[in-house]
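> Got a predicted structure here, sequence first:
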Amino acid sequence: MNRFDKKVILILGGTGAIGSSIADHLEQEGGIAIRHGRSGAYAWDIEKGEDAGVFVEKIIKDFGKIDGVVNSLSCPIRIGNFEKKSWQDFLGHLNVQLKAAVEIEGSVIVHMKKQGKGKIVHVITSYAIALPPPGISEYITAKYAMWGLTKALARELGRHHITVNAVSPGFIKNKFSSIAPEKLIDIITAETPLGRLTTEKDVAHAVLFLLSEDADHITGENINISGGQTME
């Protein structure tokens with residue numbers, strides 16, 4: 001039985017590594033993945049001032065509904081001391097993650113309230129729980145903001161049967177982490193209790209659980225996916 005038969009899920013950042021994995025696994029279980037990106041059929045760019053409402057209405061027109069939203073947006077990380085960074089550095093991360101969430105999710109929530117249900121999942125980071133590495137203050141700040149939004153929306157939307165949760169991946173070796181020295185990656189791997197780094201597939205499985213009916217009574221929670229790197 002397909003858990004997501006004909007369920008329409010909007011995946012922000014759906015053309016990235018994590019977003020693509022989530023979309024692929026969703027489609028394998030019968031779901032309809034709307035892969036948002038900066039190009040393609042469902043393109044939308046916060047930096048260009050494009051209207052989020054128009055973007056959401058196009059999806060509603062094409063599919064009749066949106067059952068869930070996954071926010072897996074992120075942007076490249078630049079390592080550097082805090083005093084050498086500017087507000088624009090922080091604004092870049094906040095725009096890609098928080099502002100996009102506010103504008104798109106705000107438009108989607110209007111439709112979810114009419115439907116009487118919905119699911120929202122934010123992909124943040126285990127560093128929002130654990131001791132963060134130095135030099136990535138703008139990235140960490142944006143992720144903390146997303147965790148705050150997760151809890152605020154969960155509290156506000158529960159009575160509308162809309163759940164809002166987060167997942168926090170540990171270190172994933174991909175193009176976004178390519179700035180990390182290989183020696184550091186070896187150390188992180190060796191110190192991970194389960195003996196390997198987190199993968200996009202691990203993240204996809206957790207996200208799909210939160211999107212499924214199995215998680216209907218879970219909201220305001222954050223699932224840590226780090227192989228034991230981080231333990232609450």
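Structure's in. What do you need? Residues are numbered from 1 along each chain as shown.

> Please identify the buried residues of the longest strand seen in the chain?
Among the elements of type strand in the chain, defined by DSSP state E, the one spanning the most residues is strand 162-169. For strand 162-169, the neighbour count (16 or more other CB atoms under 10 Å) marks 162-169 as buried. Any C-beta I mention is one placed from the backbone N, CA and C, and that applies to glycine too.

> Switch those residues over to CSV; also include distance to Gln97 and pLDDT.
Putting the buried residues of strand 162-169 into CSV (distance: CB to CB, whole Å; pLDDT from 0 to 100) gives the following:
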residue, distance to Gln97, pLDDT
Ile162, 20, 98
Thr163, 20, 98
Val164, 15, 98
Asn165, 16, 98
Ala166, 12, 97
Val167, 14, 97
Ser168, 14, 93
Pro169, 14, 92
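
> quick one on the thing from earlier: off-centre distance for the following helix or strand past the longest strand of the chain?
Proceeding N to C from strand 162-169, the next assigned helix or strand is helix 182-191, under DSSP states H and E. Here the centre of mass of C-alpha atoms in helix 182-191, compared against the chain's by CA atoms, centre = their mean, to the nearest Å, lies 25 Å away.

> Show me what counts as buried in the helix or strand of the chain with the lowest mean pLDDT.
Per-element confidence for the chain was summarised using mean pLDDT, DSSP states H and E. The lowest value among helices and strands belongs to helix 182-191, with a mean of 75. By neighbour count, with 16+ other CB under 10 Å as the criterion, the buried positions of helix 182-191 are Ile188.

> Just after that helix, pick out the following helix or strand.
helix 200-211.

> contact partners of that following helix?
Counting contacts by CB atoms under 8 Å, 6 or more residues apart in numbering, the residues outside helix 200-211 that touch it are 3-4, 7, 9, 17-18, 20-22, 24-26, 29, 68, 70, 119, 121, 123, 163, 165, 167, 169, 172, 174, 215, 218, 223, 225, 227.

> and Gln229, how many neighbours?
The number of residues packed around Gln229, counting by other CB atoms under 10 Å, is 22.

> Distance of the closest residue to it other than its chain neighbours relative to Thr150?
With CB to CB, 6 or more residues apart in numbering as the criterion, Gln229 has its nearest non-adjacent residue at 4.4 Å, and that residue is Gly170. Distance of Gly170 to Thr150, computed by CB to CB, to the nearest Å: 18 Å.

> could you list every residue that touches Leu197?
Going by CB under 8 Å, 6+ apart, Leu197 touches 170-173, 185, 188-189, 227.

> Confirm His122 sits in a strand?
Yes: secondary structure of His122 (DSSP: H, G, I helix; E, B strand; the rest coil): part of a strand.

> how many neighbours does it have?
Other residues near His122 come to 27 when the count uses other CB under 10 Å.

> Ok, Glu83 next?
By other CB under 10 Å, the residues close to Glu83 number 6.

> And the one 3 residues further on, by the same measure?
Burial of Ser86, expressed as a neighbour count using other CB under 10 Å, amounts to 9.

> and it, what does it touch?
By CB under 8 Å, 6+ apart, Ser86 has no neighbours at all.

> And it, how close does it get to Gly80?
Counting by CB to CB, the gap between Ser86 and Gly80 amounts to 10 Å.

> Same question for Lys58.
Taken as CB to CB, the spacing of Lys58 relative to Gly80 amounts to 38 Å.

> which regions of this structure lie under the pLDDT threshold?
Along the chain, the parts satisfying pLDDT under 70 run over 1, 174-181.

> Which residue ranges of it form strands?
Listed in chain order, the strands found in the chain under DSSP E are 8-12, 32-35, 68-71, 118-123, 162-169, 222-225.
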